[in-house]
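**Student:** Structure for the following, please:
(one chain, ligands or ions: 1)
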Amino acid sequence: MHDPAALRSMHLARFNAEPAIFVAPGRVNLIGEHTDYAEGFVMPVAINFATLAAISPRTDGKIVIYSENFGEEKAFDAGVTPKAHKDWSDYPMGVVAILSGEGHKFPGFSLTLWGDVPLGSGLSSSAALEVVTALAVLSLIGASYPGPQLARLCQRVENEFVGANCGIMDQFISANGKKDHALLLDCRDLSYRLAPIPENVAIVIANTMVKHSIAGGDYPTRRRESEAACAIIASHRPGVPFLRDATLEDLEKWGHEMEPKSLMRARHVISENLRTVAASEALLRGDMKELGRLMAEAHKSYSGDFEGSCVEADTMVDLAQDLPGLIGARLTGGGFGGCTVNLVEQKYAESFAKTLGERYAAKTGIVPEIHVCHASDGAHRME
Ligand code: GLA
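**Tutor:** Numbers count the residues shown, from 1 in each chain. So this is what the prediction gives:
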């Protein structure tokens, strides 16, 4: 439950000051994986798992941050440029660092953080933490940014402070999501279109319980491999700075010059862009069957050409196939573990979740966490 009153009491008890309270959601991506940093298309949904932040000013020149999830308090001097410590505080302090670099001056403050986005599960707990911190600290100085710009600044926290080479999808949807809608984002110019999710469709998120990290080795390796393919295309056709601009014909012509793995990664990214645009059109016209088909193709490509899945995620997707009510299932997020996203007819959602969980536990020996979720609003002030 996202209860601002509970967070306020926690903050009051610890810091003895009345806070302002903000929330930023995690996300699930319906389709469009590893396309954001190629300036392509993604179609995520903000979900009803989120991070909440309570903030109040201090007069002693300190920044004191308490994470209820980690049960830990950290103190910093306001006005001193923060450095990364390789722990949870890098996300909030990275926000302070990037925004300070933009010329903002922050007074001391107390910040209490609490969230229920499962960590390391591909549901963007870190983006939620960045976006909620950004809203909170900006409110202290009476500043704000339009959602797309806020997302760009929070992406820079990952890229420049935390050292994770991610794209903009997660921060963008956390800042700009809309209740009951998916968001088709063009990662080149950050223009977007909202598509309503029909009322009779549930989003079932199935956690394989296999942890992933985008700061780990696989994500940057895949990114490098796909960018190497792009460089070869660009050497023949200079109008291709990103795979967004490449075509499957380019791969037919010049694929033989690429490392086999690079060719496979590029084939995933180029075809995924086509699928994502088609999927958004299918959702807009309410063609759920076509959307489900595209999600299935996307999983095949993610697992096959991109080699971004793992045995457990492939198993979770396979086990969903013949369950009543399934529209489409695929691995979501950065890959190599984490969660699958399942679109399911609402009336079957509970039984789908139960049976999928039982089947997965029986097959893998791992007890999964399965949640029936709904599309939620992006980050905002709660009180
Ligand atoms: C992670 C990154 C995103 C995106 C996805 C893969 O979630 O943070 O920028 O690249 O992986 O689609």
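**Student:** residues of the helix or strand encompassing residue 370 that come out buried?
**Tutor:** Under the criterion of DSSP states H and E, residue 370 resides in strand 369-373. Buried residues in strand 369-373, counting neighbours by 16 or more other C-beta atoms under 10 Å, are found at 370-373. The way it works is simple: take the backbone N, C-alpha and C, and place the C-beta from them, glycine included.
**Student:** Neighbouring strands of that strand in the sheet, and parallel or not?
**Tutor:** Strand 369-373 has the following sheet partners, assigned by DSSP bridges: strand 201-207 (antiparallel).
**Student:** Stretch 12-21 spans what distance, first to last residue?
**Tutor:** Using C-alpha to C-alpha, to the nearest Å, one end of stretch 12-21 lies 12 Å from the other.
**Student:** what's next to it, contact-wise?
**Tutor:** Residues outside stretch 12-21 that contact it (C-beta atoms under 8 Å, 6 or more residues apart in numbering) are 4, 7-8, 11, 52-58, 64, 66, 73, 110, 112, 136, 139, 381-383.
**Student:** 10 Å instead?
**Tutor:** The contact list for stretch 12-21, computed with C-beta atoms under 10 Å, 6 or more residues apart in numbering, reads 2-5, 7-8, 10-11, 52-58, 64, 66, 68, 73, 109-112, 132, 135-136, 139-140, 381-383.
**Student:** just to revisit the earlier point, got the CA coordinates for the strand holding residue 370 in PDB?
**Tutor:** Provided in PDB are the C-alpha atoms of strand 369-373 (Å, rounded to 0.1, in the frame of the first residue of the first chain):
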ATOM      1  CA  GLU A 369       6.300 -13.800  -7.000                       C
ATOM      2  CA  ILE A 370       3.400 -13.200  -9.300                       C
ATOM      3  CA  HIS A 371       1.500 -10.000  -9.200                       C
ATOM      4  CA  VAL A 372      -1.700  -8.800 -11.000                       C
ATOM      5  CA  CYS A 373      -0.800  -5.100 -11.700                       C
END
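**Student:** what residues does the chain put near the ligand?
**Tutor:** With the criterion set to C-beta under 6 Å from any ligand atom, the chain comes near the ligand through 33-34, 36-37, 166-167, 169-170, 214, 333-334.
**Student:** Show me which pair in those residues is furthest apart.
**Tutor:** The distance between the two most remote of the residues of the chain next to the ligand (C-beta to C-beta) is 13.9 Å, for 37 and 333.
**Student:** Do a quick rundown of the strands in the protein.
**Tutor:** For the chain, the strands defined by DSSP state E cover 20-31, 41-57, 62-67, 72-77, 109-115, 181-186, 191-196, 201-207, 326-331, 339-345, 369-373, 380-381.
**Student:** With respect to residue 150, which of the ones you listed lies nearest?
**Tutor:** strand 20-31 (9.8 Å).
**Student:** Do you know the pLDDT at residue 2?
**Tutor:** Note for residue 2: predicted pLDDT of 89.
**Student:** Number the residues from 41 up from this point.
**Tutor:** I'll keep to 41 as the first residue from here, and by that count the last item is residue 42.
**Student:** Just to check, it is in contact with residue 62?
**Tutor:** No: assessed by C-beta atoms under 10 Å, residue 42 is found out of contact with residue 62, at 11.0 Å.
**Student:** So these two - more neighbours on which side?
**Tutor:** Set residue 42 next to residue 62 and count neighbours by other C-beta atoms under 10 Å: residue 62 wins out with 27 against 18.
**Student:** Give the bridge partners for that one, please.
**Tutor:** Beta-bridge pairing for residue 62 (DSSP bridges): residue 93, residue 421.
**Student:** any idea how far it lies from residue 163?
**Tutor:** Distance, residue 62 to residue 163, using C-beta to C-beta, to the nearest Å: 19 Å.
**Student:** got it, and residue 284?
**Tutor:** Look at residue 284 and residue 163: by C-beta to C-beta, they are 25 Å apart.
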